[in-house]
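>>> need coordinates for the following:
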Amino acid sequence: MSIKIKIAGEDAGESEKIPQATIKLDIRKTLDGNLIVQDHPYIDIIINSKSSKVLVLSKIAMDDRTYYTQNKFFDFLYKRGVIDPGTIQAGNIYSSMECVIPQKMDNGPDPVEVLLLSIHLFLELEKPSFEYEERLKQSQDEEVVNPDTENSTELGEVPHNARKGSMSTSDFSQHYALSYLGEQKKKR
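Numbering: from 1, shown residues only. Below is the predicted model:
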């Protein structure tokens, strides 16, 4: 689904304005008109233009990275004057955060459009870390699946012993056996 945002001129007779910026985001529109930005690997960003709120949900179970990303996102928006910092709070959904979008001023830009542009800028700022994490994950998988000769052995190179490790193969460990013997002495 593609969403095109057009800003009409102030006068009805004025021709269409040329866009100042073009952005590309993975956005879904809900039945009630909310916009869900799904580009980030840890969070989904929901823009509710009716209640003028931004809700950030966790894509994965809550962990340090999710909260750090949410905090970083709202700090990014706050420093650019896109949101009201006094309204940042935990949402009513587990591991979510929300804030209020300021109302449109007379002859000012549309807050939702400014918010979408700011989200795009935030995602571009975060993109190198996404790519680094993906490369790191792929290299770790590659090391496990195809190890180099130094970190691998051929079948048969490792000498086999009758007993290896600290776990006994018998049903009773040494600790249980010693306690059994102690009980036998008490009975005599």
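
>>> hey, where'd the helices end up in this structure?
Under the criterion DSSP state H, the chain contains helices at 64-79, 111-145, 174-187.

>>> among the ones you listed, which is nearest T30?
Proximity to T30, assessed across the helices of the chain by C-beta to C-beta, is greatest for helix 111-145 (14.1 Å). Yep, even glycine has a C-beta here, placed from its N, CA and C like the rest.

>>> pull out the buried positions in the closest one.
By 16 or more other C-beta atoms under 10 Å, the buried positions in helix 111-145 come out as 111-120, 122-123, 126.

>>> any idea how many residues pack against D26?
A count of nearby residues for D26, using other C-beta atoms under 10 Å, gives 11.

>>> touching, it and P41? I think so.
No. Using C-beta atoms under 8 Å, D26 is not in contact with P41; the gap is 11.4 Å.

>>> check this structure and tell me which residue is nearest its centre.
The chain has Y42 as the residue nearest its centroid, 0.9 Å off, counting by C-alpha atoms, centre = their mean.

>>> could you dump stretch 55-63 to PDB, C-alpha only?
C-alpha atoms of stretch 55-63 as PDB (Å, rounded to 0.1, in the frame of the first residue of the first chain):
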ATOM      1  CA  LEU A  55       2.300   5.000  20.100                       C
ATOM      2  CA  VAL A  56       5.500   2.900  19.900                       C
ATOM      3  CA  LEU A  57       5.000  -0.900  20.400                       C
ATOM      4  CA  SER A  58       7.600  -3.500  20.800                       C
ATOM      5  CA  LYS A  59       7.900  -6.100  18.000                       C
ATOM      6  CA  ILE A  60       9.700  -8.500  20.300                       C
ATOM      7  CA  ALA A  61       9.400  -9.300  23.900                       C
ATOM      8  CA  MET A  62      10.400  -6.400  26.100                       C
ATOM      9  CA  ASP A  63      14.200  -6.200  26.600                       C
END
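
>>> identify each buried residue in that stretch, please.
If you call a residue buried by 16+ other C-beta under 10 Å, then stretch 55-63 has these buried ones: L55, V56, L57, S58.

>>> isn't the last one right next to G91, touching?
This means S58. No. At 10.3 Å, S58 and G91 do not qualify as touching, with contact defined as C-beta under 8 Å.

>>> okay, now the closest residue to I36 other than its chain neighbours: neighbour count?
In space, I36 comes closest to R28 once its chain neighbours are excluded; the distance is 4.6 Å by C-beta to C-beta, 6 or more residues apart in numbering. When neighbours are defined as other C-beta under 10 Å, R28 has 13 of them.

>>> from D39, how far off is R28?
Here the criterion is C-beta to C-beta, to the nearest Å. By it, R28 lies 11 Å from D39.

>>> with that, I have no additional questions.
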